[in-house]
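Participant: Dropping a prediction and its sequence here:
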Amino acid sequence: MQPIIDLKGITKEYIMGTQVVRALRGVDIEIHQNEYVAIMGPSGSGKSTLMNLIGCLDTPTAGTYLFDNVSVENMTDDELAEIRNQKIGFVFQTFNLLPRADALHNVELPLIYSGLAAGERRTRALEALDSVGLGDRVDHKPNELSGGQRQRVAIARALVNNPSIILADEPTGNLDTTTGEEIMAVLEILFQQGNAIILVTHEEYIAEHANRIVRILDGIIGSDEKVERRRHANGVTAAQSADQV
Amino acid sequence: MRLTRFLIELRESIAAAFRALRANILRTILTTLGIVVGVTAVISIVSLIQGLDRTVKREVAGLGTNVLYVSKYPWIQMDDFWKFRNRKDITLEQGRRLLELVTLPEAASMQVGTSSTVKWRERAARSVSIEGHTPEGRIVHDLDPEIGRFFTVAEARDKRNVIILGNGLWRDLFDERDPLGQRIRVGRNVFTVIGVMPEQGTMMGMDQSASAVIPLETLMKLFGSRRSIGLNLRAYDAESLPLVEDEARGLMRRIRGIPFGAEDDFAINRQEMLLDLFRSLTAALFAVMVGVASLSLLVGGIGIMNIMLVSVTERTREIGIRKSVGAKRRNIMWQFLVESVVVSGLGGAIGIGLGIGTALLVSAVTSLPATAPLWAVLLGLVFSTSVGLFFGIYPAAKAAGLDPIEALRSE
């Protein structure tokens, strides 16, 4: 089976003043459709750089990157935008919702850039919000929602366009433990439904929700192991956790 | 397909622009001030010029297109007033001779004027302009009474006290009652009303119809004969007007004994001269308007560019978010272009409102029929939005070119 993400010999260099910073020094990773991968590493390890490359927000200095069998390393900004729009759902630590737009509009945003008509956009966005348990909060603005609810709006936005992978960058970083656990439960459901999930975190117990942990150290992969005993997010379902909020 | 997609994206751009503008209402309004001033200036000045134009054209048309006015003073005096003042009056005798000698005009008449108080019973009208005409004046100036008749050659010859009232004067004195045969006082003299002129406009703020016509020689007899006569020549058509003028000039020089090579000591006036003067005045006004408008639009445009740069900086994170979920360069570009066009268009709309308001105020307070023409309104709108478009390009391009990673990282 073809991997969704296939990185080979990826390097990334930045020029900081006169110095060349080598953030990634030859990374090979394959990630398949049925995987839940945690990427770990201390700050400065190149973890964020790797995450930006996988998320098609950036292109590598050298190496090849096949996303769904399509080579993306030489794509233009607009072509990368198209890939992000169609195939990647982002969940960020700081939620990154548009502050002046309500939950529904935030979730509709990727569909707008897909060129979907208003009616279909609304239907799909409502479905996505329903699936994260926020069907009754669609007209709330981000500042009228709790942290956990905001992150769920972000998750709904991430999955509304049926992406190939969901890329979650420290999704629980700004949440308390209980709320964080609820978010992990939502991701668990998405994984059960067959979505590939890439989770960037520096917390061991969060990483243990995944079934594979990749550790980055000084720009190379330190270890890449299966998780023996997966942590299941309290066995709480998204629907149940929605009731608690 | 591509068009629908463009429209979907454009709708989002417009919605985003309005959300952003609503969040900063005061800032938005202040930003538009330059545009507001510029467009207000354009609309109000164009309205004023239009009003003036209409008034002047109507008034001047009343003078008759094909009529030459030979008189001591030119209508438009660019030189020293004393030079004209020291000229000898045009006498009745000189006037008669000219009228005898001219061959080219359709009709020719003489005219003098004075002003006096006119009374009927207890009613009085002050400073009424009393025009003395020869009988041919009826043809030269189309003086056909609406009620009654013009005076006859015999009445003129016999210097009879007969009077034709201007329409306004008639209404003032008689409240539109039948005036024919009524005796009225002009100064200390009693006149018999024989007619009423049709309604006319106002001339340079003076009501033309607040006047009355009497035979020229009656006027000379009753109000003094030491006055300069005006000689009015009506040409058959515009083509023969210069010929009539040449003939009149030659004859007048001979009659007044002006040596060869010396300057005329009389003036030949034409309606066209007033129009020319008016045209040069409005051209100057127009130039001032263009100056004020372009300056304030420039200032307004720079203001908009400035505020759009602020807006881009403030919303760097929003740009990052939009790019991360798939917004392309053109989406971000459009969003900020639409925003700056909306800001400037808003300024334009406010300016149009104020300009039309000014025009309405002017026509309410003065007699000038100032109205904003549609083309000026459209011009104002087109100008203001183009300013937004032009000055929005740089900030929008800056926003579109942002790196999504950097943008997401910004606070």
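Facilitator: Sure, I can see it. If you're wondering where the values come from, they're calculated on a predicted model, not measured in any experiment.

Participant: just the strands in chain A please.
Facilitator: Under the criterion DSSP state E, strands of chain A are mapped to A:5-16, A:19-31, A:36-40, A:62-67, A:70-71, A:88-91, A:165-169, A:196-200, A:212-217, A:220-226.

Participant: and those, which is most packed in?
Facilitator: Highest mean neighbour count of these: strand A:88-91, a mean of 26 (counted as mean count of other Cβ atoms under 10 Å in any protein chain shown). (Glycine included, C-beta is placed from N, CA and C.)

Participant: for that one, what is the average pLDDT?
Facilitator: Computed over strand A:88-91, the mean pLDDT rounds to 95.

Participant: Relative to chain B, which of the strands of chain A is closest?
Facilitator: For the strands of chain A, proximity to chain B was assessed by Cβ to the nearest Cβ; strand A:88-91 is nearest, at 5.3 Å.

Participant: any idea how far whichever residue of chain B sits closest to chain A lies from residue A:74?
Facilitator: Going by Cβ to the nearest Cβ, chain A is nearest to residue B:326 of chain B, at 2.3 Å. Residue B:326 sits 19 Å away from residue A:74, going by Cβ to Cβ, to the nearest Å.

Participant: How about residue A:182?
Facilitator: 40 Å.

Participant: When those two are compared, which one has more neighbours?
Facilitator: residue A:182 (26 against 10; other Cβ atoms under 10 Å in any protein chain shown).

Participant: Verify the stated contact: that one with residue A:148.
Facilitator: Yes. With contacts counted by Cβ atoms under 8 Å, residue A:182 reaches residue A:148, the gap being 5.7 Å.

Participant: By average pLDDT, which secondary structure element in the chain comes out worst?
Facilitator: Since no chain was named, I'll use chain A. helix A:238-244 (a mean of 44; mean pLDDT, DSSP states H and E).

Participant: Wait, chain B was what I had in mind.
Facilitator: strand B:202-203 (a mean of 44).

Participant: how about the nearest residue to residue B:368, chain neighbours excluded?
Facilitator: Distance criterion Cβ to Cβ, 6 or more residues apart in numbering or on different chains; nearest residue to residue B:368, sequence neighbours excluded, is residue B:51 at 4.2 Å.

Participant: Now for the one you found: which residues touch it?
Facilitator: Counting by Cβ atoms under 8 Å, 6 or more residues apart in numbering or on different chains, residue B:51 touches B:359, B:362-363, B:368-371.

Participant: quick one: furthest residue from the center of chain A?
Facilitator: residue A:18 (33.3 Å; Cα atoms, centre = their mean).

Participant: List the contacts of that one.
Facilitator: Taking Cβ under 8 Å, 6+ apart, one finds nothing in contact with residue A:18.

Participant: which one is residue B:394 nearest to, not counting chain neighbours?
Facilitator: residue B:305 (6.3 Å).

Participant: what about that neighbour, neighbour count?
Facilitator: Counted with other Cβ under 10 Å, residue B:305 comes out at 20.

Participant: That one and residue B:396 touch, don't they?
Facilitator: No. Using Cβ under 8 Å, residue B:305 makes no contact with residue B:396, being 10.1 Å away.

Participant: what residues do the two have in common as contacts?
Facilitator: With Cβ under 8 Å, 6+ apart as the test, residue B:305 and residue B:396 both reach residue B:340.

Participant: For residue B:337, see how far away residue B:352 is.
Facilitator: For residue B:352 relative to residue B:337 (Cβ to Cβ), the value is 22 Å.

Participant: Okay, residue B:338 and residue B:301: tell me how far apart.
Facilitator: Taken as Cβ to Cβ, the span from residue B:338 to residue B:301 is 16 Å.

Participant: Residue B:350 now?
Facilitator: 16 Å.

Participant: more neighbours, these two?
Facilitator: residue B:301 (23 against 19).

Participant: Next up, identify which helix or strand the more buried one is on.
Facilitator: Per DSSP states H and E: residue B:301 is located in helix B:271-314.

Participant: and the helix or strand that that helix is followed by, what does it pack onto?
Facilitator: Going down the chain from helix B:271-314, the next helix or strand is helix B:316-324, by DSSP H and E. Counting contacts by 3 or more Cβ pairs under 8 Å, 6 or more residues apart in numbering or on different chains; DSSP states H and E, helix B:316-324 packs against helix A:77-87, helix A:103-114, helix B:329-365, helix B:404-409.

Participant: and if we set it to 7 Å?
Facilitator: Here helix B:316-324 touches helix B:329-365, helix B:404-409, going by 3 or more Cβ pairs under 7 Å, 6 or more residues apart in numbering or on different chains; DSSP states H and E.

Participant: Only alpha carbons, please: show it as CSV.
Facilitator: Only the C-alpha atoms of helix B:316-324 are listed here, as CSV (Å, rounded to 0.1, in the frame of the first residue of the first chain):
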residue,chain,number,x,y,z
THR,B,316,-1.1,39.1,9.7
ARG,B,317,-2.2,36.1,11.7
GLU,B,318,-5.6,36.1,10.0
ILE,B,319,-3.7,36.0,6.7
GLY,B,320,-1.7,33.0,8.0
ILE,B,321,-4.9,31.2,9.0
ARG,B,322,-6.5,31.8,5.7
LYS,B,323,-3.4,30.6,3.8
SER,B,324,-3.1,27.5,6.0
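
Participant: Sheet partners, orientation included, of the helix or strand where residue B:115 lies?
Facilitator: Using DSSP H and E, residue B:115 sits in strand B:107-120. Paired neighbours of strand B:107-120 in the sheet (DSSP bridges): strand B:123-133 (antiparallel), strand B:183-186 (antiparallel), strand B:230-234 (antiparallel).

Participant: Give me the residue at the spatial middle of the chain.
Facilitator: No chain specified, so I'll use chain A. residue A:167 (1.5 Å).

Participant: that's the other chain; I wanted chain B
Facilitator: residue B:52 (1.2 Å).

Participant: Distance check, that residue against residue B:287.
Facilitator: Taking Cβ to Cβ, one finds residue B:52 at 15 Å from residue B:287.

Participant: Quick check: the residue nearest to residue B:368 vs residue B:381, distance?
Facilitator: 21 Å.

Participant: tell me the contacts of the residue of chain A found nearest chain B?
Facilitator: Nearest residue of chain A to chain B (Cβ to the nearest Cβ) works out as residue A:85 at 2.3 Å. Residue A:85 is in contact with A:110, A:113-114, A:161, B:325-326, counting by Cβ atoms under 7 Å, 6 or more residues apart in numbering or on different chains.
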